[in-house]
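Asks: Here is my input; please provide its structure:
(2 chains)
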2 protein chains.
Amino acid sequence: MRNQNRFGTGAGALALAAFLACPTSGASAQSMSDVQRIAKERGLSTGDLLAAAKTFTPSGMKDEYIIFSSGGHSGQVFVIGVPSMRMLRSIAVFTPEPWQGWGYGVGNEILKEGDVNGKANLWGDTHHPALSETEGDYDGQWLFINDKINARVGVIDLRDFETKQIVKNPLTVSDHGGTFVTPNTEYVIEGGQYAVPWGADYAPISEYKEKYKGSVTLWKFDRKKGRIDKAQSFAIELPPYWQDLTDAGKGVSDGYMFLNSINTEMATGGIENKNPPFEAGVSMNATDYLHIINWRKAEKVYKSGKVTQIKGFPVITLQTAIDEGLLYLTPEPRSPHGVDVAPNGEFIVVSGKLDPHTTIYSFPKILGAIKNKTFSGKDEFGVPVLDFDTVVEAQVEVGLGPLHTQFGPDGYAYTSLFLDSAVARWTMGGAYGKGTPEPDWTLVHKTPVQYNVGHIGVAEGDTVSPDGKYLIAFNKWSVDRFFPPGPLLPQNFQLIDISGQGADMPVIYDMPIGVGEPHYAQIIKADKLNPWTVYPEIGWDPQTQSLDPWAPKPKMERVERKDDGTVEVYMTAIRSHFSPEHINVKEGDKIVWRITNIERAIDATHGFAVPQYNINLSLEPGETAKFEFIADRAGVFPFYCSEFCSALHLEMVGYLMVEPKE
Amino acid sequence: MRNQNRFGTGAGALALAAFLACPTSGASAQSMSDVQRIAKERGLSTGDLLAAAKTFTPSGMKDEYIIFSSGGHSGQVFVIGVPSMRMLRSIAVFTPEPWQGWGYGVGNEILKEGDVNGKANLWGDTHHPALSETEGDYDGQWLFINDKINARVGVIDLRDFETKQIVKNPLTVSDHGGTFVTPNTEYVIEGGQYAVPWGADYAPISEYKEKYKGSVTLWKFDRKKGRIDKAQSFAIELPPYWQDLTDAGKGVSDGYMFLNSINTEMATGGIENKNPPFEAGVSMNATDYLHIINWRKAEKVYKSGKVTQIKGFPVITLQTAIDEGLLYLTPEPRSPHGVDVAPNGEFIVVSGKLDPHTTIYSFPKILGAIKNKTFSGKDEFGVPVLDFDTVVEAQVEVGLGPLHTQFGPDGYAYTSLFLDSAVARWTMGGAYGKGTPEPDWTLVHKTPVQYNVGHIGVAEGDTVSPDGKYLIAFNKWSVDRFFPPGPLLPQNFQLIDISGQGADMPVIYDMPIGVGEPHYAQIIKADKLNPWTVYPEIGWDPQTQSLDPWAPKPKMERVERKDDGTVEVYMTAIRSHFSPEHINVKEGDKIVWRITNIERAIDATHGFAVPQYNINLSLEPGETAKFEFIADRAGVFPFYCSEFCSALHLEMVGYLMVEPKE
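Replies: Residues are numbered from 1 along each chain as shown, chains lettered A, B, ... in the order given. Below you'll find the predicted structure:
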C-alpha cells in the first residue's frame, strides 16, 4: 500500500535504547546579569530573587523537610515539600479517592470501619495531624489524623503513606481537639468539641447541663501491630464545655496533658428565639478553663477498673476523675484556640483569641498548686480550679487575635495573629532566656501574612527539639494573592524564613492550596522518613502489610467458577498487558477478582479500571488487591490500565463480558 | 476570680482595627551577593537562578497563563498558574469532592446525569480538556472534558469554575478521543476508544467485526444555555478500529475533523488462549488509519434525517457516511497517539509511537485526493483509503516514541518523545517556512525531560494563534525527581522556556502532581478569563446560574412543617452564625434544607457540615443551596461552618435535634 521504510523499523527502533541526550540548552552563556535582566523584565526585586534563591528547587533536588498537612474538609492528608512548597501527594483517609484506588474497589473495609451508626459517611473534616513520637521527637513511622465532623481517627503507615485504620469514637460526634500523641505514642489523644449526649443520642437542648457531655479519648496505639487497640483504650468524662485543642506534656510535664475549652458559659444558642447566637453566648465570660489532666494517673485508674461502660466503651466519670485527683482546671483567656507545650515541657502557652496576649503557664507552678491545693474555687461540676496568679508565669502582648504558638530552637516562640494577619516572634524566659538577644517574654517582631492566619508550623516546632529555619503560616484567606479560579478561592500557605533573628523573618513563598482547607500541619525532617518505593515482595497486601497467600502469580493466572457460582479471577499486570484478557461471566454472577502488579521497577504503577461497576484500583509495584462485585448488568466492558505506564499503555486492556440471563 | 485586666479589653481590643504592620524584614541590606551566597549554600547553579528568575512569583503577583489540566483518574480538572506552576484549584467534575460541596448534599442532580445504565459511577478518568473557541481561538468561556472509563462529557462554566452538566454517551462506554471543539464551539467532539457493541450490550468477542462498533459523537453546544443540547447532537458510525485522538480542522481545513485509530488489525486479544496479547495484536500492521471526516457535511446529512436511531440517539451509519462521501481514511504510522492540526489548518501532524518520525499531511492534498478519488483502495468496510504518497507533505525524524505535537507562533513545532524522554523542536514548512532560521521540516533540538512524557502543552499551542513562550511536558514518571511519598509517586509537569530559538529551550521548573494522573492540558492567557469572585446577587443558584426565588433571605429565616410532614428549613449564614441555630425534627421526617450565604466580601466562603448524614456544602458569597434527607437516625447532631471564615469560626455552629419516634 505504501513505502514501508517511511515508517521506520517499528519494534526494531524500540529496541534501540541507547539514545544520547542532547545538552539541555545553550546554558553555558548564563551569567548573573542574565538573572538580573530576567528579574527586571518580570518585575522582581532583589528581595524577591533572594526568596527565589531560598526556595527554588531544581529538577532532582530533594526537599529538606516534609509537611504533613490536614486536608480540611477534603477529608485527606497532604504531603508537601519544604522549601519548594510543592504538593507531593494527597493521602486518602476519610474520603474515597479513585486515582489511588481508595474506596473504588478495594479499601472499603477500612472505610467501612468509619461508618457512623451503621451509615457510610464518606468524607471527613481533618484538622490536626500528629506524627508518631519517640521520646517527644518525631520518629517518622506513623501519622494520625482526626475527623471533626464525625469524631473519627485515621491511622496512616509512613512506609507506604496509606491509611490502615479508621476508628469511630463511640461517645461523641465532634472532635476538633485531636489528634495529639503522648511522647512515646503510648496514646493518640482525641479531644472533643461541641458537646452532645453520650453517643450523640437524643436529649433536648434544655437539658444541656445534665445530659450533654464533654470528653477526651485516649486511644492506645500498638506499634507492633500498627493499629489502635480499641480494647485498651478509654475516655475521661469532662464538663460539657467545648473542649478544644490538646497538647501532651513532655520533659518535666511528661504524663500530663492540657486541653483548652471554649464554651464554659454552656451557652446553647437559639438566635431564632432572640437568644444570643452561639458566637456571642460562648464569648460572655472573660475566661474559659484550661484542663490539666494527669494521663498516667488516668491510665492507672482505667487499668484498676474504676470505669463505667458507656456505649460499650470504658469511661472514667467526671466524679471519678475529681475523686482521683487527675483533673484540674485553671482560668485561661477566653475562647482560646491553641494550647502549646514548650519543648522542655516547662511552659504551656495559651492564646485566647479575644485577648491580645499569650498567657504562659509554668508547669512546676501548676504542680505546686495541685500539691498545695491552691484553688480559687471549684467549677459547678466540682472540679478544682487552680488559682490563676499562682500558676501563670508571664503574659506577652503579641497582637490581635492570637491563636497558635510554635517554638524555635533558640528561645524564640511564634504565635499566629488571626486579626492582625501576622505572625509574632517573641522571646521565652526560664531556661530559654539565654538563647535570644532580646529580653525574656518580649514581642520582637511581627511579619504580616496574607491573610488571616490560623495555625502556624515551625520545622519540628512542636517537638522536644525544634529545628526552626522554616515557619509556615496556614492562611485562611488569599483574597487578592492569586488569579481567582471562580468565587471559591484557594487558601495560602506562606513560607517564612526564620533562620535570622530579631526583625529578620521574611515571607519567601506563597503556596495556594487549591484542594480542601488545611487546618494544621506538622513539618518533619525528610531524612527521618524511610518510605518504601516498591512493596517488599510481589503479592503484597497493603491493607495487612504482609504477603497475601492468595495473590495471583505469573503462570498461575486463571478464571475459576466455584460450585456456589462464584467466579474467581486471578490476574497479573505487567507492562503492557493483563493476563487473562477475556473474563467471561454470566449476569448475576458474583465475581471475586484478585490482581497483582508483578513489576519491581520504581514508579511502575498500574491502574485497573472497570466501566459500569465503579471500580478503579491503583496497584503499586508488587501490590495485590482483591475486589468483589455482582455482575448485575449484562454487556461488554473493556477494562484497562488507568495509569500511563508505558508506550503501549493504551493497549493494556481486556474485556469483561457479562452474558445475559436467558 | 482573677485579675480581669490581664486578659485585655476583649471585644474592645477587637474594635481596635488600625494595626500598623511592621516592615517585613531587614530587607534593605539585600544585594545580589546575598542571592549568590544563598544559592551557593543550597547548591544552585547560575542556570538554576536563571530558571528561578523566570518562574518565581512573589506574593500577590499574578500568573500570566492558566493551565486547565485533566485530573486523570481523579475524575477532576486542575487549574494551575504559569509560570509559578502552583495549583489554584481542583474542579470537581465526575468524582464527589466534599470540600467544594460536590456530591455531599447539593450537586447530586448533575452527578446523577452521569449515571451509567441507571447506576452511579462516582469517578471519572478525565483525559482531554477543551476550552471553548471563537474563530479557532480560546474565548475563556467554557471548558469541556471527557471521561474515558464510562464515555461521558462534562461541561464547566468558567464564570464560577463549576461543573454544570454531564452527558453520558448512549452508544459506547469508552471515549479516550475527546473532548475537542470545532472552531466556533458548534460541537464538542467525543471520539471513541475500545470498540463495544452499541450501548455496551452483550455480544461474544468472536463476533467482533460484525457486532462491535467504532463511533464519533458530535455534541451540539448551546452557548446561550451553556449546555450541551442532546436533542441536536448525533454520532457517526465508524469501523471497529479503536478511534483515538481527534482534532478539528481550522482555517483552510475548517469543517473537517481528523481522528487517529489504533487497532485496525481488529485484534481481540486472549493471551490466556495463547493468542497474542492486545499490546502485540494491535501492533501487527505497519500502519493504522487516519480518519478524515467532513463534519459540516455530516451535520447536513443529520439534519436531512438520513440517520438511524440507535439506543435512542441519531447515528449516521457507516454505509451512509461512505455513500455521502463524508468519511475517508489514509494510512498513518501505526499506533499513533496524537493528531494535531497546525494553526493555519494546512497541515495535520500524526505521530505513530512505534515510528521515529512525525508524519505531516497536507490538507490541500487531502482535498485534492478526495476530489480526484486518488484512492489506494478501500478498507474491508468499504471506506475509501486515500493514497498516502498523494496526501503526505513531509516526514521528520524526531526520535523514539513520538506522541503529541503542539505549535509555536514562529514556525516551530514541538513533539513529545515518550521513549526518548524528550521534547523535540522541529521546523514546519509551507507558510511557516520563513519563521525559523533552520531549514523546513528539520529536527532542531531535543530537550530531555524526566521522565516519559505523554502530552505536551504550549501556551495556546493548539489554537489558530499560538503564544509560544512556555511549553509544559506532562511527564508520566518522576522516579527520582522528588522525595518519594511511598510507592505511589507523583507525575511531573516540567515547564520549558521556549521563548528562545534553536537549542535554547531549557527546563525551568519541575511540578510534582500529587493528585490524580493528568493526561492533557490546555494553557490560556489569564486575561482571557473573567471569573466571578462573588456570585452576582444574594440567593444565586450556581446549578442554574440564576437567582433562586426560594433562596432564604435575612429576616425570613424559619423552619416550617408542611402538611405532608416535610420540614422545610430556610437558613442564612454570615460571619459568624447560622440562623436559625436549633433545628428540631422528628425521626423519619423528610427535611428540605435551604441555606444562603449572605456575604458580599470576596473569599467569605462558608462551609456547612452535618454529622451522621454525610453532608457538606461549600457556599461561596451569595450562593444558595438546597439539600434533602430523611432524618432516619434520632440524636443530637451539631452542624457547623467547615471553612475557616472568621475569628469566631469555631463558634459558628447549631444543633440538629432529631427526636426519636415513640
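
Asks: thinking A:Gly565 is in contact with A:Lys590, fair?
Replies: Yes - using Cβ atoms under 8 Å, A:Gly565 makes contact with A:Lys590 at a distance of 6.8 Å. (C-beta placed from N, C-alpha, C; glycine too.)

Asks: of those two, who's got more company?
Replies: Between A:Gly565 and A:Lys590, counting by other Cβ atoms under 10 Å in any protein chain shown, A:Lys590 is the more crowded of the two (16 against 11).

Asks: Give me the spatial nearest neighbour of the more buried one, chain neighbours excluded.
Replies: Nearest residue to A:Lys590 in three dimensions, chain neighbours excluded: A:Thr566, at 4.8 Å (Cβ to Cβ, 6 or more residues apart in numbering or on different chains).

Asks: do A:His291 as well
Replies: Leaving aside its sequence neighbours, A:His291 sits nearest to A:Leu259 (Cβ to Cβ, 6+ apart; 4.0 Å).

Asks: ditto for A:Lys373
Replies: A:Pro384 (7.4 Å).

Asks: beta partners of the one you found?
Replies: Here A:Pro384 sits in beta bridges with A:Lys378, going by DSSP bridges.

Asks: Report how many residues lie close to it.
Replies: 20.

Asks: returning to what we had before: isn't the residue nearest to A:His291 right up against A:Ile293?
Replies: Yes - between A:Leu259 and A:Ile293 there is a contact at 6.9 Å, judged by Cβ under 8 Å.

Asks: which residues are common contacts for the two?
Replies: Here A:Leu259 and A:Ile293 have A:Val216 as joint contacts, going by Cβ atoms under 8 Å, 6 or more residues apart in numbering or on different chains.

Asks: in terms of contact, does A:Asp137 touch A:Asp462 like I think?
Replies: No - with contacts counted by Cβ under 8 Å, A:Asp137 stays clear of A:Asp462, the gap being 10.6 Å.

Asks: Tell me the helix or strand right after the helix or strand bottoming out on mean pLDDT in chain A.
Replies: Of all helical and strand segments in chain A, the minimum by mean pLDDT, DSSP states H and E falls on helix A:11-15, at a mean of 34. Sequence order places helix A:32-42 as the next helix or strand after helix A:11-15, per DSSP states H and E.

Asks: Kindly format the C-alpha coordinates of that next one as CSV.
Replies: Extracted in CSV, the C-alpha atoms of helix A:32-42 (Å, rounded to 0.1, in the frame of the first residue of the first chain):
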residue,chain,number,x,y,z
MET,A,32,24.2,36.8,36.9
SER,A,33,23.5,39.7,34.6
ASP,A,34,21.1,37.4,32.7
VAL,A,35,19.4,36.7,36.1
GLN,A,36,19.1,40.4,36.8
ARG,A,37,17.8,41.1,33.3
ILE,A,38,15.1,38.5,33.5
ALA,A,39,14.2,39.5,37.1
LYS,A,40,13.8,43.1,35.9
GLU,A,41,11.6,42.1,33.0
ARG,A,42,9.3,40.2,35.3
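
Asks: what packs against it?
Replies: Helix A:32-42 sits against helix A:46-55, helix B:32-42, helix B:46-55, with contacts defined as 3 or more Cβ pairs under 8 Å, 6 or more residues apart in numbering or on different chains; DSSP states H and E.
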